[in-house]
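[1] build me a model from this:
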Amino acid sequence: MPSLEVLVPDIGDFSDVPVAELLVAVGDEVSADDPLLVLESDKSSMEIPAPQAGTVKELKVAVGDTVSEGDLLAVVDVAEAPAASEPAQAPAAPAAVASPPRPADTAPAPAAAAPAAPPEAFERGDVHASVLVLGSGPGGYAAAFRAADLGLDVAMVERHEVLGGVCLNVGCIPSKALLHVAKVIAEAETAATHGVSFGAPEIDLDALRTWKEGVVAKLNGGVAGMAKGRKVQVLHGEARFTGPHAVAVLGPDGETTTVSFDHAIVAAGSRSVTLPGVPHEDPRVMDSTGALELEDVPGRLLVVGGGIIGLEMATVYDALGSEVTVVELADGLIPGTDRDLVKPLAKRIGERYAAIHLSTKVEAIEAREDGLHARFSGDVEDAVFDRVLVAVGRIPNGAALGLDTAGVTVDDRGFVGVDERQQTNVGHIYAIGDVAGGPMLAHKATAEGHVAAEVIAGQPAVADFRGIPSVAYTDPEVAWVGLTETDAKDQGITYKKSAFPWSASGRALAIDGAAGLTKLLHDPETGRLLGAGMVGPNAGELLAEIGLALEMGADVEDVALTVHAHPTLSETVTLAAEMAAGTITDLPNPAARKR
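    Prediction:
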């Protein structure tokens, strides 16, 4: 019986990676792709699979050993010699798996299309790729890696020094690291009411900043390693289209590289909005990126914009000791979000912050030596602040890429129109994420990136999402997925609501979350779930179940019949479903028979 040596595959820039776990023993029978062992660095972990079916003859490593690319891991006796010459490396990634069919009542998935025909002849650039991805954020790297996994030759352009885009470097990840610290500080304060008191926190900004940057750096390294492992060619610089099949990339060294492509995926993201009358050139005026730098903890902070980004950063600076004032042009915080979900948040921060001014406009801000002098609309008095954070939204980067030279339509706001396959009006150019419209969320961009890559590879993929979850990582968190009451009323959609107050949840009471709420919306005729919303500690972690239920076409009874662990916050989902199904026993049941 021939033997096959299993070697460490290409694992990017990593070396001396520890063996974390052995999943088989000598004599075990394994199938092709069964995991043999796990390698784990400080940035990522990887299962090493069996290249072929057979029997484990030898294990050449033990837990705790360190290995690098090409090292011998195991020997497997196989029934037939592998087609390729030995020794063989373990596959770097598992084979793609087809998606399960959608429910019968949804539109049928499109028939599988063959990969696009070779494009018309065009001049090759200094670099050529079957797929060019512009941007390396969650959408861009997801598209690039998915395309590479499907066997396509991929190049990815990133204008910054490191990969990961806004989300990883100056958005989602660093903000969540700081919000975790804010939560710890807030919980320590609350513990005093339960008989456990701590001293006032001592804030070491340098250490806090270093920790935050370390979190980001680990993920940067992981993305770079996965790009190398998938043989995605990465170019750094500013890219602009010069034609339907070419871009010019101006590198940090001032040199220009021309890149030609068969297909392109635009994942160029968005940038912060600036306001007239605000001295953005003054270093005391920050956008969200500047706020995450933690240059100092200002005594008086004005947050212009009461949306998710503004309120998340307000949460951080409030916990660190700033006196926070929030100004919002709309008549409520987190505009467009159901008021019953925002109410507990508004109540808490209304009691903590210096002021919250709704239906108020910042008329002007004047930079003076003693501070930033702000003038507001209406009867709100002028005030002086040490720093100002402007967080009034983001605008897409579609207009800055020269897409018109490729024939791609870009609207006046910088959005690129796409169809359900993420294709633009130019068939071989795709757009995903913030530039493609819809909610500017990393997970939406990731999902769209998969769709674009799969369509290019000839797979039957469409962006047909029943619900895109949204989370405000404030204290308390506010989260929703699918249809909201606000949207239902605006669109004239008939719905029925069932809500479970967290004041009746033992778990919520035990973690000071009694002000929370879980609500479900369903079709009054069919019982089918339409959407959900939650507010309270870790509310964002409760969305996944409803997201899955929406995709599967579940009704409220399906959720009500699903047994949840007790006591957990997640059981508030099934309790809200029981309210709708008329089977609730944790609260008075309006549907109960009267005796």
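
[2] tell me which residues of stretch 145-165 are tucked away?
    Along stretch 145-165, these residues count as buried under the neighbour rule (16 or more other CB atoms under 10 Å): 145-150, 152-159, 162-165. C-beta coordinates here come from the backbone N, C-alpha and C atoms, glycine included.

[3] ditto for stretch 268-283
    By neighbour count on 16+ other CB under 10 Å, the buried set for stretch 268-283 is 268, 269, 270, 271, 272, 275, 278, 280.

[4] quick check: the farthest pair among those residues?
    Maximum pairwise distance among these (CB to CB): 25.1 Å, between 268 and 278.

[5] strands - which of the buried residues of stretch 145-165 land there?
    Counting by DSSP state E, those place 154, 155, 156, 157, 158 in strands.

[6] what packs against the strand ranked longest in the chain?
    The longest strand of the chain (DSSP E) is strand 256-266. For strand 256-266, the packing partners by 3 or more CB pairs under 8 Å, 6 or more residues apart in numbering; DSSP states H and E come out as strand 127-134, helix 138-149, strand 154-158, strand 246-250, strand 429-431, helix 442-456.

[7] with mean pLDDT and distance to residue 350 added, can I get the ones you listed in TSV?
    Listed next are the helices and strands packed on strand 256-266 as TSV, based on pLDDT from 0 to 100; distance: least, CB to CB, whole Å:
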stretch	mean pLDDT	distance to residue 350
strand 127-134	97	43
helix 138-149	98	34
strand 154-158	98	41
strand 246-250	98	48
strand 429-431	98	40
helix 442-456	98	30
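
[8] can you give me the strands for the stretch 401-550 of the chain?
    In the stretch 401-550 of the chain, strands defined by DSSP state E, counting those that start in this stretch lie at 429-431, 470-472, 477-482, 496-501, 517-522, 529-536, listed in chain order.

[9] among these, which is nearest residue 572?
    The nearest among those, by CB to CB, is strand 517-522 at 4.0 Å.

[10] and the helices in the stretch 151-300 of the chain?
    Per DSSP state H, counting those that start in this stretch, the stretch 151-300 of the chain carries helices over the ranges 165-170, 172-191, 205-229, 288-292.

[11] ok, the stretch 451-595 of the chain next?
    Along the stretch 451-595 of the chain, the segments classed as helices by DSSP H, counting those that start in this stretch run 485-491, 506-510, 543-552, 556-560, 571-581.

[12] tell me the contacts of residue 384?
    Taking CB atoms under 8 Å, 6 or more residues apart in numbering, we find residue 384 in contact with 300, 370, 371, 372, 373, 374.

[13] where are the low-confidence patches of this structure?
    Low-confidence segments of the chain, defined by pLDDT under 70: 1, 11-14, 41-45, 79-120, 594-595.

[14] repeat that for 50
    When residues are selected by pLDDT under 50, those of the chain lie in 81-118.

[15] sec struct for residue 47, please.
    With DSSP: H, G, I helix; E, B strand; the rest coil as the basis, residue 47 sits in strand.

[16] so it touches residue 35, yeah?
    Yes - counting by CB atoms under 8 Å, residue 35 is a contact partner of residue 47 at 4.0 Å.

[17] mutual contacts of those two, please.
    With CB under 8 Å, 6+ apart, residue 47 and residue 35 have common neighbours residue 23.

[18] ok, residue 364 - how many residues close by?
    By other CB atoms under 10 Å, the residues close to residue 364 number 15.

[19] equivalent analysis for residue 61, please.
    20.

[20] cool, and residue 434?
    31.

[21] in space, what's closest to it - neighbours in sequence excluded?
    residue 270 (3.9 Å; CB to CB, 6 or more residues apart in numbering).

[22] got it, and residue 425?
    residue 409 (5.0 Å).

[23] the one you found contacts residue 416, correct?
    Yes - in this structure, residue 409 is within contact of residue 416 by CB under 8 Å, at 7.3 Å.

[24] these two: which is more packed in?
    Remark: of residue 409 and residue 416, residue 416 carries more neighbours, 27 against 13, as counted by other CB under 10 Å.

[25] bridging residues for that one?
    Beta-bridge partners for residue 416, by DSSP bridges, are residue 410.

[26] on that earlier part again, the longest strand of the chain pairs with which strands?
    strand 127-134 (parallel), strand 246-250 (antiparallel), strand 429-431 (parallel).

[27] wait, which of the helices and strands packed on strand 256-266 is closest to residue 205?
    Nearest of those (CB to CB): helix 442-456, 26.8 Å.
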